[in-house]
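Novice: Structure for the following, please:
(4 chains)
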Number of protein chains: 2
Amino acid sequence: MFTAMAVITQPVATTRNRILDVAERLFVKHGYDGTSLRMITGEAKVNLAAVNYHFGGKEALMEAVLKRRLDWLNEERMRVLDELEASADGRPPRPHKIVEAFFGTLIGMGSNRELGGEVFLKLIGRSFTSPNGFIRALLAEEYREVVERYKQAFINALPEVPRQEVAWRFQFMLGATAYALAGSDFLQVSVQFDSDELPIEQARRLWPRLYSFLVGGMRAAIPEGDLQPLGGFGLGLSMADLEAADLDDADDAAVA
Amino acid sequence: MFTAMAVITQPVATTRNRILDVAERLFVKHGYDGTSLRMITGEAKVNLAAVNYHFGGKEALMEAVLKRRLDWLNEERMRVLDELEASADGRPPRPHKIVEAFFGTLIGMGSNRELGGEVFLKLIGRSFTSPNGFIRALLAEEYREVVERYKQAFINALPEVPRQEVAWRFQFMLGATAYALAGSDFLQVSVQFDSDELPIEQARRLWPRLYSFLVGGMRAAIPEGDLQPLGGFGLGLSMADLEAADLDDADDAAVA
DNA sequence: CATCTTTTCAAATGAACGTTTGAATAATAC
DNA sequence: GTATTATTCAAACGTTCATTTGAAAAGATG
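Specialist: Alright, predicted model coming up:
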């Protein structure tokens, strides 16, 4: 029975799938710019031209790699929120339940190899801050609908918190999660892991802690509006700063 | 007086400094791999060979770009924590004060052009998840001492929270902060900005909200240890996952 | 079996990359 | 003013990159 299930669920190792699997792994390890098609096709044991034949080019390959996982994730997130709202007949679901629905579905993918496992978690964690405009644009477009729906759910669940604050906190939660997933070496320094602890065991420990942190941040007191960071605004500040601050050119800032 | 101060504090635009300034900006905009020495030297209006002459190579240039800002930041963070602990004669400083000392100093750099302004904030935010091993290793080494000291301060300030939990939450705070700074296009989607709001104004709004979120997360309830994400662990999981999970090769995982 | 489509393959293209070289120029020291 | 050092410069090096090409092989269809 186990064998039969595995056969059904495990995709066949076609040229196309082998490229997707290897590309996903190498994009995480070396980044999009740092991964060449020769590295991918070499490791996947397919011809160099296969990427262009099956996907059309390097950017289109990255798009296929991301969409393969995100399509499932988006549907799952919608489904879970549907369930949550249906089971609460009329009343808005509790905030911590929405946190669990949105971020728990993602973290859960880390333990399911067929959904990309922790490789995909790292990829998605790093893609949000990719310097490549088309990647951020793709992510923004893929996330737009689901994020809007969850944001509204949070707003309904937290009537005492201004809409703007909810949006900011959503952003902060995404950041804390993405960084925990991206898993830099720095994490190894900051958090004192047992050095021989297996990655899958680390992932298991992550969720309850992240969940607790996110809910704590989501429920925090409303900030006063005029708090200033150390060093203070206005120090060495002039109109020139405002002009120079516009970093993004028009060509890579476009989001459909 | 303003003129005199500006002359004193503003570094002379030597070849070396012009390269550093342009490189900092382009590394943020296109990433390390996506920025060529020809782009840098072209925009800085210096000869192509100048980077190798003054810094020794591209990696050494990136190192110089980061260290120029981090050396100041590290000293400032140490100084602020010194002050904090001195003013509390014996008792450990309050947790929210430590949050302010660590993250407030960083955010404050965003409004000071001579300290790199928001360009540096983006750079540091993205560098933590860089796919280039030498960048993460450099950051880990640069942060090690200061992070250890602050972590201890948090542990002293939160005697009821286990040390491990403090370390995790420190990591989550760093992530939320770094992502807020990295400022992807996605933030524009998630958070409904006034479209014509100036970047410097956005930065001013960021700090009180981030501060509130971080303190809320830091003070959250201690998580139960066996909470599982949606989808659950054990689904589609086998020993093979553990082996495949080891992504990093020895060559780029080294941290001195 | 013959025909047509899909896929694979080795080879080549032109462009861009980081780095090196050695001479020319500028700055400093005596 | 001459000797010495520091810096700039144009040019070239060898390598690697994404993509294209056209033929060969494999598979599907009648």
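Novice: What about the residue in chain A that DNA strand C sits nearest to, how many residues nearby?
Specialist: With CB to the nearest atom of the strand as the measure, A:Thr15 is the residue of chain A nearest to DNA strand C, at 3.3 Å. C-beta: built from backbone N, CA, C; applies to glycine. When neighbours are defined as other CB atoms under 10 Å in any protein chain shown, A:Thr15 has 16 of them.
Novice: how much space is there between the closest residue to it other than its chain neighbours and chain B?
Specialist: Closest residue to A:Thr15 in three dimensions, ignoring its sequence neighbours and counting by CB to CB, 6 or more residues apart in numbering or on different chains: A:Val46, at 5.1 Å. Distance from A:Val46 to chain B, counting by CB to the nearest CB, to the nearest Å: 20 Å.
Novice: isn't A:Val46 right up against A:Asn17?
Specialist: No. The pair A:Val46 / A:Asn17 is not scored as a contact, 10.6 Å apart, by CB atoms under 8 Å.
Novice: returning to that earlier point: so the residue nearest to A:Thr15, which of the three states?
Specialist: Judged by DSSP: H, G, I helix; E, B strand; the rest coil, the three-state class of A:Val46 is coil.
Novice: can you tell me which residues contact A:Tyr150?
Specialist: A:77, A:81, A:98, A:101-102, A:170 (CB atoms under 8 Å, 6 or more residues apart in numbering or on different chains).
Novice: Could you list which of those also contact chain B?
Specialist: A:101, A:170 (CB under 8 Å from any CB of the partner chain).
Novice: and the contacts of A:Tyr150, which of them are in helices?
Specialist: A:77, A:81, A:98, A:170 (DSSP state H).
Novice: By neighbours, which of the residues you listed wins?
Specialist: Of the ones in helices among the contacts of A:Tyr150, with other CB under 10 Å as the count, A:Ile98 tops at 25 neighbours.
Novice: do you know how far that residue is from B:Glu224?
Specialist: 19 Å (CB to CB, to the nearest Å).
Novice: Low-confidence ranges, chain A, go.
Specialist: Across chain A, the ranges flagged by pLDDT under 70 are A:1-11, A:183-203, A:225-228, A:230-256.
Novice: Helices of that one, start to end?
Specialist: Going by DSSP H, chain A shows helices at A:2-9, A:15-30, A:37-44, A:50-54, A:58-86, A:95-99, A:105-109, A:117-127, A:133-157, A:163-182, A:185-190, A:199-218, A:239-244.
Novice: hmm, back to that, now render the ones in helices among the contacts of A:Tyr150 as JSON lines, adding distance to A:Lys67.
Specialist: Below are the ones in helices among the contacts of A:Tyr150 laid out as JSON lines (distance: CB to CB, whole Å):
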{"residue": "A:Arg77", "distance to A:Lys67": "15"}
{"residue": "A:Leu81", "distance to A:Lys67": "21"}
{"residue": "A:Ile98", "distance to A:Lys67": "25"}
{"residue": "A:Phe170", "distance to A:Lys67": "23"}
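Novice: And the residues you listed, which is closest to DNA strand D?
Specialist: A:Arg77 (31.4 Å).
Novice: Send over stretch A:214-223 as PDB, restricted to the C-alpha atoms.
Specialist: Extracted as PDB, the C-alpha positions of stretch A:214-223 are listed here (Å, rounded to 0.1, in the frame of the first residue of the first chain):
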ATOM      1  CA  LEU A 214       4.100  36.000  15.600                       C
ATOM      2  CA  VAL A 215       1.000  35.900  17.700                       C
ATOM      3  CA  GLY A 216       2.700  38.000  20.400                       C
ATOM      4  CA  GLY A 217       3.700  40.600  17.800                       C
ATOM      5  CA  MET A 218       0.300  40.600  16.300                       C
ATOM      6  CA  ARG A 219      -1.300  41.300  19.600                       C
ATOM      7  CA  ALA A 220       1.200  44.000  20.700                       C
ATOM      8  CA  ALA A 221       0.100  47.300  22.000                       C
ATOM      9  CA  ILE A 222      -0.700  50.000  19.400                       C
ATOM     10  CA  PRO A 223       2.500  52.100  19.000                       C
END
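Novice: Outside of that stretch itself, list whatever touches it.
Specialist: In contact with stretch A:214-223 (CB under 8 Å, 6+ apart) are residues A:95-96, A:99, A:103, A:154, A:158, A:161-162, A:165, A:169, A:172-173, A:176-177, B:176, B:208-209, B:211-221.
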